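Asks: Got a predicted structure here, sequence first:
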Amino acid sequence: MQEIRIRIGEILLRKRLTKTELARRVGAAKPLVNQICNGNVRPSRRRATQIAEELGRDPGELFQEWEMFDEVVT
């Protein structure tokens, strides 16, 4: 998931945030956030939403490779 790593890395850089600070803000362990940001671990919907909101992005856009938010709700 190279794209996720690059996308999140660019956002963190622009916002001058570290993964440690992101982890603190979303209430998650740093190793978990690091793995998510590197594209090694697929986050839960809740965690993906928290991370996306903290980064000011849409979860579907941020984690599009995993198609987590593409379900049609009827």
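Replies: Okay, I see it.
Asks: Return the list of helices and strands in contact with the helix-or-strand element of the chain with minimal mean pLDDT.
Replies: For the chain, counting by mean pLDDT, DSSP states H and E, helix 59-62 ranks last in confidence among helices and strands (a mean of 87). Packing contacts for helix 59-62, counted by 3 or more CB pairs under 8 Å, 6 or more residues apart in numbering; DSSP states H and E, involve helix 2-15, helix 45-55. Just so you know, the C-beta spots here come from the backbone N, C-alpha and C atoms, and that holds for glycine as well.
Asks: Show me what counts as buried in it.
Replies: 59, 62 (16 or more other CB atoms under 10 Å).
Asks: returning to what we had before: can you redo the helices and strands packed on helix 59-62 as a markdown table with distance to Ala28, mean pLDDT and mean neighbour count?
Replies: Output for those, formatted as a markdown table (distance: least, CB to CB, whole Å; pLDDT from 0 to 100; neighbours: other CB atoms under 10 Å):
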| stretch | distance to Ala28 | mean pLDDT | mean neighbour count |
| --- | --- | --- | --- |
| helix 2-15 | 14 | 91 | 14 |
| helix 45-55 | 6 | 93 | 17 |
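Asks: correct me, but Thr18 touches Leu12?
Replies: Yes: here Thr18 lies in contact with Leu12, judged by CB atoms under 8 Å, at a distance of 7.0 Å.
Asks: Now do the SS call for Gly39.
Replies: With DSSP: H, G, I helix; E, B strand; the rest coil as the basis, Gly39 sits in coil.
Asks: and it, what does it touch?
Replies: 1-5, 65 (CB atoms under 8 Å, 6 or more residues apart in numbering).
Asks: Which phi and psi values does it adopt?
Replies: phi 80, psi 20 (degrees, to the nearest 10).
Asks: For Gln2, see how far away it is.
Replies: To Gln2, Gly39 is 7 Å away according to CB to CB, to the nearest Å.
Asks: Next: Leu55.
Replies: Leu55 is 18 Å from Gln2, by CB to CB.
Asks: Thr49 now?
Replies: 22 Å.
Asks: Ends of stretch 48-63, what's the gap?
Replies: 8 Å (CA to CA, to the nearest Å).
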